[in-house]
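**Q** Sharing a model prediction with you, sequence too.
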Amino acid sequence: MPTATVQVRQTTTTTTARSSVIVINTGYLSSKLGLLKFLIMIFSLIAFIMALMHFDNYNREVNIDSDRFLLLVSFADWVTVTLMLIAALLSLGSATILPKASFDFIFHFILGILMLIAGLWAAATAFADPQRNTYIQAASVCAAICGIIQIVHGIFSYRLCITN
């Protein structure tokens, strides 16, 4: 029986397509840590803007340490929490690793205490003087609320950290 020889030619074409897709982890905002972090971001932003408006409009020549402390702490809180929230929304790894890290609960405990001190100190000086404006009063109340929420976030984050 004769054998037939067949030649087969195989051609492979590789096409590379580049695309960038940004995936937003919206499930993080529906979790309790994501919701608390979002509330902290909003309250610290309001406290910062109100304290800034107070300095801009009414307090150019008067130097009150409690107002400056509130301005600095609320700005630091807003920037840091906003960056943490953006990292958690854009990266699934950050959203799962960050709450389990000891940095998260230590940060929220310390900055929560600082925001609570800043809010109560500014409120004590703002509500005691009838000449003070409502901007600093609103900023101090928002900072105190933000400090309480931040301490609650630190408690939840600590519980998550010690269970994992």
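**A** Structure received.

**Q** mind checking which helix or strand of the chain has the lowest mean pLDDT?
**A** The element with the least model confidence among the helices and strands of the chain, by mean pLDDT, DSSP states H and E, is helix 92-97, at a mean of 80.

**Q** what about that one, distance to the chain center?
**A** Computed by Cα atoms, centre = their mean, to the nearest Å, the separation of helix 92-97 from the middle of its chain amounts to 14 Å.

**Q** buried stuff in the helix or strand just after that helix?
**A** Along the chain past helix 92-97, the next helix or strand (assigned with DSSP states H and E) turns out to be helix 102-128. Of all the residues in helix 102-128, those buried under the rule 16 or more other Cβ atoms under 10 Å are 104-105, 107-109, 111-112, 114-123, 125-126. (Glycine included, C-beta is placed from N, CA and C.)

**Q** same deal with stretch 141-159?
**A** 141-147, 149-154, 156-158.

**Q** which one among these gets closest to I46?
**A** Closest approach between these and I46, by Cβ to Cβ: C142, at 4.7 Å.

**Q** what angle do the host helix or strand of that closest one and helix 102-128 make?
**A** According to DSSP H and E, C142 maps onto helix 134-163. Relative orientation of helix 134-163 with respect to helix 102-128: 160 degrees, computed using axes from the mean of the first three to the mean of the last three Cα atoms, to 10 degrees.

**Q** picking that back up, which secondary structure elements does the least confident helix or strand of the chain sit against?
**A** Contacting helix 92-97 under the criterion 3 or more Cβ pairs under 8 Å, 6 or more residues apart in numbering; DSSP states H and E are the following elements: helix 65-90.
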